[in-house]
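Q: Could you look at this predicted model? Sequence included:
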Amino acid sequence: MSLPLLRPRSIREIMEKTYVNSETLFNYYKLSEENAGEVAQHLFLQTMGNPRHLAIVFEECKTVEQLMKYVVQLEPKRHQEYVSYISNFKEEVVFLLDLAEKNNSVDLTQQISKRCKSISLEIIATNALIAWEGELEAAQLVISPTLISTMATYFFPLMRYLIYLRSVLNGPLNFSEAFELMLMKRIQELFSQPSYPNGVLPSFFDSPKFGNCHNLKVCSNVSLMPRIMPRGLGKSLKDETASPSSWPLLLKEMDVHDSLCLKPSPLSASPDVLFVGNVSIESRAYRYHIAIAANHYKTQAVQAIVAEECDKFNVMFTGSESKNPDHLNILIFCSTSYDSEMKLKFGNKKFCLLDTKDWVFIDEVIVLDLSSKENRAIFFGLTADDFLNETINIVISKTSAALLTLQTNE
């Protein structure tokens, strides 16, 4: 059994021989001998050589610029289903991704045991939208950049994610979301094993409450949660959207799990990342909700912006007159730029604490100073001259000059 894919050479040939009106696609898009190969390679990676997908691309794109910017996107509902599926086969999907990156073949007839059932790698690959060609017993895998980006988001640890970011700095990249994901993955890395925050990273986490959490461990698997918006329709963590009034139901659903790492879609009226689990302080048990709020370089963080993130977090727990004494609600605000008033609050430290009197359901607000390259290197566990630290700085600064420097050094 074999599945032939349209390789870049075939895609180029299609553009040379397929007519639109009275001219070939090659002439319609005003291609040249120099850029035709680049266009064919891009279309191959985006469509994985699927003829039907290629037809859609040629139908939607009217210029070569549109062709080169074309990115296959999963529909929101399908994205939820896709992430849920591949999360059930995380090890197998990463294994297939590694083979694809190394251009190694794989026997897709291999059987994998999951939950007392047997399933072939072929079925996993197909449902994960991983294309292949050749013989089933020696298949060559092809994974589109869009799916690699999804896998990087949910599966890659911090260092591998930074290496991935380095490879896509020239492409379409949501820099704000990349910053959020770096923060999420760093917290997962710091607390992959039970630890005291003030013992792991005291320069940022030496606080009375969060800093003294006993045996804090956060969830390593990332799960989707609804985008919180005024007209959100859902009432479950699996729904695409939900309104702020649904928080009691969402929190109740969270409590079914021992621990969670939740990542809502962009533009959600909620923290950017939410960790849920169990911890203790001085032998007293708590159900923790640790929220991460990221402020990207585009907006200088002022007191009002921090307060707005506190409001988003606080409203999660509204609905009762007083705070649940068994809850420990911590907001960690991270910005790469602060105004002069906020900078004064740090003094000589790399963090400061905000008074929570205006937010009855929040126990502690920790504001991290990530405005300098030195502080970011310390926070992310890198040296100032590490090439991955430079990758972080490029993501944050997003300047063509920095990107040119990176390319020159390589």
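A: Here it is on my side, so go on.

Q: Tell me the strands beside the lengthiest strand in the chain, with direction?
A: The longest strand of the chain (DSSP state E) is strand 284-295. In the sheet, strand 284-295 lines up against strand 273-281 (antiparallel), strand 327-335 (parallel) (DSSP bridges).

Q: these two touch, right, residue 301 and residue 335?
A: Yes. With contact taken as CB atoms under 8 Å, residue 301 and residue 335 are classed as touching, separated by 3.8 Å. Backbone N, C-alpha and C define where each C-beta goes, glycine included.

Q: intersection of neighbour lists for these two?
A: With contacts taken as CB atoms under 8 Å, 6 or more residues apart in numbering, the residues that reach both residue 301 and residue 335 are residue 295.

Q: wait, is residue 39 part of a helix?
A: Yes. When DSSP: H, G, I helix; E, B strand; the rest coil is applied, residue 39 is found to be in a helix.

Q: Can you get me a residue count around it?
A: Residues contacting residue 39 under the criterion other CB atoms under 10 Å number 22.

Q: State the distance from it to residue 222.
A: Between residue 39 and residue 222 the computed distance is 34 Å (CB to CB, to the nearest Å).

Q: What does the pLDDT read for residue 320?
A: Residue 320 is assigned a predicted lDDT (pLDDT) of 66.

Q: What is the burial count for residue 32?
A: By other CB under 10 Å, the residues close to residue 32 number 10.

Q: quick one: contacts for residue 289?
A: So residue 289 contacts 274, 275, 276, 316, 317, 327, 328, 329, 330 (CB under 8 Å, 6+ apart).

Q: which of those residues are buried?
A: Among the contacts of residue 289, those classed as buried by neighbour count (16 or more other CB atoms under 10 Å) are 274, 275, 276, 316, 317, 328, 329, 330.

Q: Of the residues you listed, which pair is most distant in space?
A: Longest distance between any two of those is 15.2 Å, between 275 and 317; criterion CB to CB.

Q: Beta-bridge partners for residue 353, please?
A: Here residue 353, judged by DSSP bridges, has bridge partners residue 366.

Q: What's the separation between it and residue 245?
A: For residue 353 relative to residue 245 (CB to CB), the value is 30 Å.

Q: sorry, back to before: of the strands paired with strand 284-295, which is nearest residue 234?
A: Judging those by CB to CB, what sits closest to residue 234 is strand 273-281, at 16.1 Å.

Q: from the middle of its chain, how far away would that closest one be?
A: Remark: strand 273-281 is offset 20 Å from the chain centroid, using CA atoms, centre = their mean, to the nearest Å.

Q: could you dump it to PDB, C-alpha only?
A: What follows is strand 273-281, C-alpha atoms only, in PDB (Å, rounded to 0.1, in the frame of the first residue of the first chain):
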ATOM      1  CA  VAL A 273      -2.100  30.600  31.600                       C
ATOM      2  CA  LEU A 274      -3.700  28.900  34.600                       C
ATOM      3  CA  PHE A 275      -2.200  26.200  36.700                       C
ATOM      4  CA  VAL A 276      -4.500  24.300  39.100                       C
ATOM      5  CA  GLY A 277      -3.400  21.700  41.700                       C
ATOM      6  CA  ASN A 278      -2.800  21.000  45.400                       C
ATOM      7  CA  VAL A 279      -0.200  22.300  47.700                       C
ATOM      8  CA  SER A 280       0.400  23.100  51.400                       C
ATOM      9  CA  ILE A 281       1.900  26.000  53.400                       C
END
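
Q: Quick one: residues in contact with that strand.
A: Residues from elsewhere that reach strand 273-281 (CB under 8 Å, 6+ apart): 180, 183-184, 187, 209, 212-219, 225, 254-255, 257-264, 285-292, 294, 328.

Q: export the helix or strand containing residue 87 as CSV, just CAs?
A: Element membership for residue 87 (DSSP states H and E) is helix 76-88. Taking C-alpha atoms only, helix 76-88 is exported to CSV below (Å, rounded to 0.1, in the frame of the first residue of the first chain):
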residue,chain,number,x,y,z
PRO,A,76,-11.5,26.3,16.1
LYS,A,77,-13.8,23.4,16.9
ARG,A,78,-11.5,21.0,14.9
HIS,A,79,-8.5,22.5,16.7
GLN,A,80,-10.0,21.5,20.0
GLU,A,81,-10.7,18.0,18.8
TYR,A,82,-7.2,17.7,17.2
VAL,A,83,-5.4,18.9,20.4
SER,A,84,-7.4,16.5,22.5
TYR,A,85,-6.6,13.6,20.2
ILE,A,86,-2.8,14.1,19.9
SER,A,87,-2.6,14.7,23.7
ASN,A,88,-3.7,11.1,24.2
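
Q: which other helices and strands contact the helix or strand hosting residue 309?
A: Using DSSP H and E, the element containing residue 309 is helix 303-314. Helix 303-314 makes packing contacts with strand 284-295, strand 327-335, helix 340-346, strand 364-369 when contacts are defined by 3 or more CB pairs under 8 Å, 6 or more residues apart in numbering; DSSP states H and E.

Q: cutoff 7 Å now
A: strand 284-295, strand 327-335 (3 or more CB pairs under 7 Å, 6 or more residues apart in numbering; DSSP states H and E).

Q: Dump those strands to a markdown table, plus distance to residue 141.
A: Listed next are the helices and strands packed on helix 303-314 as a markdown table, based on distance: least, CB to CB, whole Å:
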| stretch | distance to residue 141 |
| --- | --- |
| strand 284-295 | 34 |
| strand 327-335 | 37 |
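
Q: Quick one: closest of those strands to residue 202.
A: Of the helices and strands packed on helix 303-314, nearest to residue 202 by CB to CB is strand 327-335, at 14.8 Å.

Q: contacts for that closest one?
A: For strand 327-335, contacts defined as CB atoms under 7 Å, 6 or more residues apart in numbering pick out 183, 209-210, 279, 286-295, 301, 306, 309-310, 313, 317, 361-368, 370-371.

Q: and the angle for the next helix or strand after the helix holding residue 87 with helix 76-88?
A: Remark: after helix 76-88, the chain's next helix or strand is helix 90-102, criterion DSSP H and E. Computed by axes from the mean of the first three to the mean of the last three CA atoms, to 10 degrees, the angle separating helix 90-102 from helix 76-88 equals 100 degrees.

Q: what's the helix or strand following helix 90-102 packed up against?
A: Going down the chain from helix 90-102, the next helix or strand is strand 111-114, by DSSP H and E. Applying 3+ CB pairs under 7 Å, 6+ apart, one finds that strand 111-114 contacts strand 117-120.
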